[in-house]
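Peer 1: Could you work out the structure for the sequence below:
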Amino acid sequence: QLQLVESGGGLVQAGDSLGLSCSASGRPGSNYVMGWFRQAPGKEREFVARIDQYGSTTNYADSVKGRFTISRDNAKNTMYLQMTSLKPEDTADYFCVGSGRTYIYTTSSPSDWDFWGQGTQVTVSS
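Peer 2: Next comes the predicted model:
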């Protein structure tokens, strides 16, 4: 089993930047495609970004493209999400996710992702 633990959430103002981290344990994180989802109060879980096992290919939701950057350090078994130009609509619980599928078969659907962290809260005030 792959265990995922997020950190770095908090309260920021609109326009600020914030970085999230996801620490993987139990198995080498490098075996897995990794990503981030988020869920705002009263809304469904939403895909944010994903990254392949090597850190060379990434994909973003249109709502965060150009503002968020996903990256990973396999030597540290850690994945990151750097968020800039934050907006109030970015307020949500952010979840680190992992998938044992190959990258092209790991889509933006929550059902494609096998492992989920507990989430970290991000609140952006206007």
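
Peer 1: can you tell me which residues contact the residue nearest the centre of the chain?
Peer 2: Residue closest to the mean C-alpha point of the chain, counted by CA atoms, centre = their mean, is residue 36 at 2.1 Å. Residues near residue 36 by CB atoms under 8 Å, 6 or more residues apart in numbering: 20, 22, 48, 49, 50, 70, 81, 94, 95, 96, 97. (C-beta placed from N, C-alpha, C; glycine too.)

Peer 1: Make TSV from those and add secondary structure, distance to residue 7 and neighbour count to it.
Peer 2: Formatted as TSV, these follow (DSSP: H, G, I helix; E, B strand; the rest coil; distance: CB to CB, whole Å; neighbours: other CB atoms under 10 Å):
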residue	secondary structure	distance to residue 7	neighbour count
20	strand	7	22
22	strand	8	27
48	strand	16	25
49	strand	17	22
50	strand	19	24
70	strand	16	22
81	strand	11	26
94	strand	10	23
95	strand	13	22
96	strand	10	28
97	strand	15	26
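
Peer 1: ok, so of those residues, who is nearest residue 124?
Peer 2: residue 94 (11.7 Å; CB to CB).

Peer 1: partners of the closest residue in space to the closest one that isn't next to it in sequence in the sheet?
Peer 2: In space, and not counting its chain neighbours, residue 94 is closest to residue 38: 4.8 Å by CB to CB, 6 or more residues apart in numbering. Counting by DSSP bridges, residue 38 is bridged to residue 46, residue 94.

Peer 1: Looks like residue 38 contacts residue 49 (just checking).
Peer 2: No: using CB atoms under 8 Å, residue 38 is not in contact with residue 49; the gap is 9.9 Å.

Peer 1: Which parts of this protein are strands?
Peer 2: 3-7, 10-13, 18-25, 33-39, 46-51, 58-60, 68-73, 78-83, 92-99, 115-116, 120-125 (DSSP state E).
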